[in-house]
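[1] need the 3D shape of this:
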Amino acid sequence: MRETYGQVFRMNSFGSRSVALIGPEANELVLFDREKIFSSEQGWGSILDQLFPRG
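    Numbers count the residues shown, from 1 in each chain. So this is what the prediction gives:
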């Protein structure tokens, strides 16, 4: 998909929409999240709630 859409693209994954960020700069942006612009709860909440209800 990277060859077709580039370094940033949307896709369907596990029944919901997601965004892929490819490359070291993108990984640094997401993992360090200095500006607090990403949410792990919104990203993983729907999946983890099914695996670990109220966990």
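[2] in the chain, which helix has the most residues?
    Selection of the longest helix in the chain by residue count, based on DSSP state H, yields helix 40-51.
[3] list the buried residues in that helix.
    Buried positions in helix 40-51, judged by neighbour count with 16 or more other CB atoms under 10 Å: none. Using the backbone N, CA and C atoms, a C-beta is placed for each residue, glycine as well.
[4] and that helix, average pLDDT?
    Regarding helix 40-51, the rounded mean pLDDT is 78.
[5] give the burial count for the nearest residue to Gly23 once chain neighbours are set aside, as a bare number.
    Spatial nearest neighbour of Gly23, chain neighbours left out: Gln7 (5.5 Å); criterion: CB to CB, 6 or more residues apart in numbering. Counted with other CB atoms under 10 Å, residues neighbouring Gln7 total 11.
[6] what sits against Gln7?
    21-23, 26 (CB atoms under 8 Å, 6 or more residues apart in numbering).
[7] among those residues, which are in helices?
    Per DSSP H, helices hold the following members of the contacts of Gln7: Ala26.
[8] can you name the two of the contacts of Gln7 that sit furthest apart?
    Pairwise distances across these peak at 7.3 Å for Leu21 and Gly23 (criterion: CB to CB).
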